[in-house]
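A.B. asks: Quick one: sequence plus predicted model below, questions after.
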Protein chains: 2
Amino acid sequence: MKQVFNFSAGPAVLPRPVLEKVQKELLNYSGTGMSVMELSHRSGPFEEIIQGAETLLRELMDIPEEYEVLFLQGGASLQFSMIPMNLLGEHGVADYVVTGSWSKKAVKEAGKIGTIHQIKSPGDIPAYTKEDFSPEASYVHITSNNTIEGTRYTTYPETGGIPLVADMSSHILSEPIDVSSFGLIYAGAQKNLGPSGVTVAIVRKDLIGKAPETCPTMLKYETYVENGSMFNTPPTFAIYVLKLVLEWVKENGGVAGMEALNREKAGLLYSCIDESSLFSNPVPEASRSLMNIPFTTDSDEVNKLFLEQAKRRGFEFLKGHRSVGGMRASLYNAMPLEGVRALVDFMKEFEADQGGTSHVDH
Amino acid sequence: MKQVFNFSAGPAVLPRPVLEKVQKELLNYSGTGMSVMELSHRSGPFEEIIQGAETLLRELMDIPEEYEVLFLQGGASLQFSMIPMNLLGEHGVADYVVTGSWSKKAVKEAGKIGTIHQIKSPGDIPAYTKEDFSPEASYVHITSNNTIEGTRYTTYPETGGIPLVADMSSHILSEPIDVSSFGLIYAGAQKNLGPSGVTVAIVRKDLIGKAPETCPTMLKYETYVENGSMFNTPPTFAIYVLKLVLEWVKENGGVAGMEALNREKAGLLYSCIDESSLFSNPVPEASRSLMNIPFTTDSDEVNKLFLEQAKRRGFEFLKGHRSVGGMRASLYNAMPLEGVRALVDFMKEFEADQGGTSHVDH
């Protein structure tokens, strides 16, 4: 089997030891004689899995007692509706900082429920302070890492007490954050937490319980609080794999360990791009994502050639998002350092070849 | 490893060949060098999976062209809200036939959106005709198999043209049905279709597109139609396993093959219960479920003893739902005939032991 490095923006690469464990126990989970997929969610073995996942996430992110940890479905896209339904009340006001495509989608859904003030951020995400926000806002929403644009907040907004809500889908667990400075953090699992199909929300308890009576039961956070995220059948297999991923993070130095590795990986690739006369990245240095790194050449034709050759070498899913073109390398926690080294080597080799070709051709 | 037979009501037993295939290709799906969990949902291999799943379901259920097949999240419980949001319009009217706990939950959610007329069914589900329904109803909702009560419709309502909506979660693919007599069919996967985390909806095209503007994008059926069920990241792994289950159904005689096997399995267990002087089932014969068979003795103590001994013999998850007590055997498609034979043998043995004990004790 050829060595493949998977740079997909999500669903994305998973830690190899996690996949090996899933494979090993697929037919017989923990001596039950059944697959984990076949276990009733009301059974002891599954209760241990979901509670274990919560305990590990609390430990890894140092989540204070005043926060609930919920396992949901529907991805960040359903949270775009659940957040205003639960936090805004009817016809309330919220501020949304718009830093890219996903923020815009969040605004669109929230606008169906309340009055949304948009704060349009330049490419370089500034340090927002309370003067930037509406005093009447029920919350301030940010997309803390922008998967498509390749940007992230390096300083989180000071909201002056307004609850800060963050879509951390594409960089949760990639570097330490102070949970207590947020009102609500949410993330689809399929980038840094596990397979697609489960969404994590970390919600400050005082923000829960304000949804109107008419809100569907499945869209109220309190439904998940009151039922340990099992009002109905949860996505059991996805939660199981998520728990294994959290165990892997813990065994590999926790979130601090991930950050060190992520800085090394991103540093390697940004250096390669910055030193290159072929490749470029449009993001101001201060706002660069550690997870999603878009890059491009000046020529669509060269981009295409690069992507073709890269795929032949086993570098998968490097094509940039259709809205921006070019290339994008997503370097989530599970991407090994050797994958980035190999990519950088290949980029240098490709650039040398292109330079050589240019000399001959022109 | 001891032989285990899993009678869980869901998540439930999956076909062994499906699990073996999942295990075999878990680290390298179809020569990609990646796990199926790691594949971008926008990739060729995943597009093949989701399209293959739809094609197989259309073939197995003989779904006419005028119906869309959608893959959703949130289980039947989220459909309880999506259905009135999409089919009712604001303040519309719908009729709900109440045949058990799940019907009641459906009524509760629909009642937040429109005016719901409840038609309370006796334990024996009668053959409803159009006179039973409100002429102004936008749709008639039924729970076609009642997981907790162990009942099912053997004759579907004649609604006189009002779209019939059916929650088929606990018996989809268990026996042939005429899709064209329904407006909408939905089912959580975790009983007869695959693992938990994906929900199937089969919707007649003319019923789509009526949700109000304010409906969240993720809760409109047209979002799924317009984006091939991939407006956002779908639960890729659950859809993959669902496709393998559909392949297994096809290889095993299709839905007709499943029905023959299900009638044999259910027949064995009902005969055992009906011939027993220890065990009983409360359901009138005409409305008995082929999938979920509750049974009990007259004594909570004997039930407890039975469940303890059964578990030691490898019969898992036979405990009845907490709302009804006693025992329940769920005999979904993937439950092998030998599992039911073994259970029946054990029940007879247990009854003989109990009889013997009675003689000595009294």
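C.D. replies: That came through, no problem. Numbering: from 1, shown residues only, chains lettered A, B, ... in the order given.
A.B. asks: Tell me where the model's unsure across the stretch 251-362 of chain A.
C.D. replies: A:356-362 (pLDDT under 70).
A.B. asks: residues from it in reach of chain B?
C.D. replies: Proximity of the stretch 251-362 of chain A to chain B, by Cβ under 8 Å from any Cβ of the partner chain, involves residues A:314, A:316-317. The way it works is simple: take the backbone N, C-alpha and C, and place the C-beta from them, glycine included.
A.B. asks: Which members of these occur in strands, if any?
C.D. replies: Judged by DSSP state E, those include A:E316 as members of strands.
A.B. asks: Out of the residues of the stretch 251-362 of chain A next to chain B, who's the most crowded?
C.D. replies: In terms of neighbours by other Cβ atoms under 10 Å in any protein chain shown, those top out with A:F317 at 26 neighbours.
A.B. asks: can you pull the contacts of the residue lying closest to it once chain neighbours are set aside?
C.D. replies: Spatial nearest neighbour of A:F317, chain neighbours left out: A:S8 (3.7 Å); criterion: Cβ to Cβ, 6 or more residues apart in numbering or on different chains. Neighbouring residues of A:S8 by Cβ atoms under 8 Å, 6 or more residues apart in numbering or on different chains: A:316-317, A:330, B:38-40, B:43.
A.B. asks: can you tell me which of the residues you listed are in strands?
C.D. replies: A:316, A:330.
A.B. asks: May I see the residues of the stretch 251-362 of chain A next to chain B arranged in JSON lines, with distance to A:T143 as well?
C.D. replies: Listed next are these as JSON lines, based on distance: Cβ to Cβ, whole Å:
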{"residue": "A:G314", "distance to A:T143": "31"}
{"residue": "A:E316", "distance to A:T143": "25"}
{"residue": "A:F317", "distance to A:T143": "21"}
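A.B. asks: Now flag whichever of the residues of the stretch 251-362 of chain A next to chain B is closest to chain B.
C.D. replies: Taking Cβ to the nearest Cβ as the measure, chain B sits nearest to A:F317 out of those, at 5.3 Å.
A.B. asks: Quick check: can you list the domain ranges of chain A?
C.D. replies: Using automatic domain parsing, the domain ranges for chain A come out as A:16-251, A:252-353.
A.B. asks: Please identify which of these is closest to B:Q79.
C.D. replies: Judged by Cβ to Cβ, the one of these that comes nearest to B:Q79 is domain A:16-251, at 9.3 Å.
A.B. asks: now that closest one, how far from the centre of its chain.
C.D. replies: 10 Å (Cα atoms, centre = their mean, to the nearest Å).
A.B. asks: Regarding that domain, how distant is the last residue from the first?
C.D. replies: 13 Å (Cα to Cα, to the nearest Å).
A.B. asks: just stretch A:322-342 next, same as before
C.D. replies: 25 Å.
A.B. asks: Tell me the buried residues in it?
C.D. replies: A:324, A:326-335, A:339-340, A:342 (16 or more other Cβ atoms under 10 Å in any protein chain shown).
A.B. asks: go on, stretch A:188-206?
C.D. replies: In terms of neighbour count (16+ other Cβ under 10 Å), stretch A:188-206 has its buried residues at A:188-204.
A.B. asks: filter these down to the ones close to chain B.
C.D. replies: By Cβ under 8 Å from any Cβ, the members of the buried residues of stretch A:188-206 lying near chain B are A:188, A:190, A:195-198.
A.B. asks: so what's A:F306 up against?
C.D. replies: For A:F306, the contacting residues are A:297, A:318, A:327, A:350, by Cβ under 8 Å, 6+ apart.
A.B. asks: That one belongs to a strand, doesn't it?
C.D. replies: No - A:F306 sits outside any strand when classified using DSSP: H, G, I helix; E, B strand; the rest coil, being helix.
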